[in-house]
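*Asks:* My questions are about this predicted structure, shown below with the sequence.
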Amino acid sequence: MTDYYKTLGVTRTSPQSEIKKSYREMAFKYHPDKNPGNPAAEERFKEISEAYSVLGDPEKKSRYDMGGYASQTASGHYQTRDNPFEDFSRTYYGPFGGSGDWQRPQPEQYTKQQAFEMLLRSVLTMVGGTLLLRFSLFFGIFGFLICVTAIGKGFINTLRAIRLLLRSDS
């Protein structure tokens, strides 16, 4: 992994203004319009631009500093650099969830009020899906699938909200 701080010629403790200034100076120096026909300058300009896209954004910079930086691939999706087999682990499990991404999710930060609101919404979703199950026959198999999905999603989110409420108590 390239050291973006070295690429821009700044230190880890440099303020955003210094990072921006260094990027502008180097980008001006290696810009392809200033160096026509020089592939080395063009490659250097790309490296500088990539480094600034990370260090210029406070969120990406903090992730980069912690070692969990995610680079943007050509398809526009962010891909973490920790798991080399991540591309092969993504599958689709149908309408009942699952993304195939087996990385441990980050702990969620909810207030007690937000967790209670989530509990209320999920219980209402589950009850609504159960009540509408009677009328699902009017819509055929799709109505049944929608009701079952609502019940399942409500149940899972109810468990999640209860877990959040219990975690916020301790």
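*Replies:* Received, thanks. Numbers count the residues shown, from 1 in each chain.
*Asks:* domains in this structure, as residue ranges please.
*Replies:* 4-82, 112-169 (automatic domain parsing).
*Asks:* Please convert these to a markdown table, extending it with mean neighbour count and mean pLDDT.
*Replies:* For glycine as for every other residue, the C-beta is placed from the backbone atoms N, C-alpha and C. Shown next, in a markdown table, are these (neighbours: other C-beta atoms under 10 Å; pLDDT from 0 to 100):
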| stretch | mean neighbour count | mean pLDDT |
| --- | --- | --- |
| domain 4-82 | 14 | 81 |
| domain 112-169 | 15 | 87 |
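*Asks:* chain center to the one helix or strand Tyr52 maps to, what's the gap?
*Replies:* Using DSSP states H and E, Tyr52 sits in helix 39-55. Taking C-alpha atoms, centre = their mean, to the nearest Å, the mean C-alpha location of helix 39-55 is offset from the chain mean by 24 Å.
*Asks:* same deal with stretch 31-51?
*Replies:* 29 Å.
*Asks:* so where do the strands sit in this protein?
*Replies:* 70-72, 78-80 (DSSP state E).
*Asks:* Give the other helices and strands that the longest helix along the chain contacts.
*Replies:* Counting residues, the longest helix found in the chain (DSSP state H) is helix 140-169. Packing partners of helix 140-169 (3 or more C-beta pairs under 8 Å, 6 or more residues apart in numbering; DSSP states H and E): helix 112-132.
*Asks:* helices and strands around the helix it packs on, which ones?
*Replies:* Helix 112-132 packs on helix 140-169, going by 3+ C-beta pairs under 8 Å, 6+ apart.
*Asks:* So which residues make contact with stretch 39-56?
*Replies:* Stretch 39-56 has contacts (C-beta atoms under 8 Å, 6 or more residues apart in numbering) with 2, 4-5, 7-8, 10, 16, 19-20, 23, 26-27, 30-32, 34-35, 60-61, 64, 69, 72.
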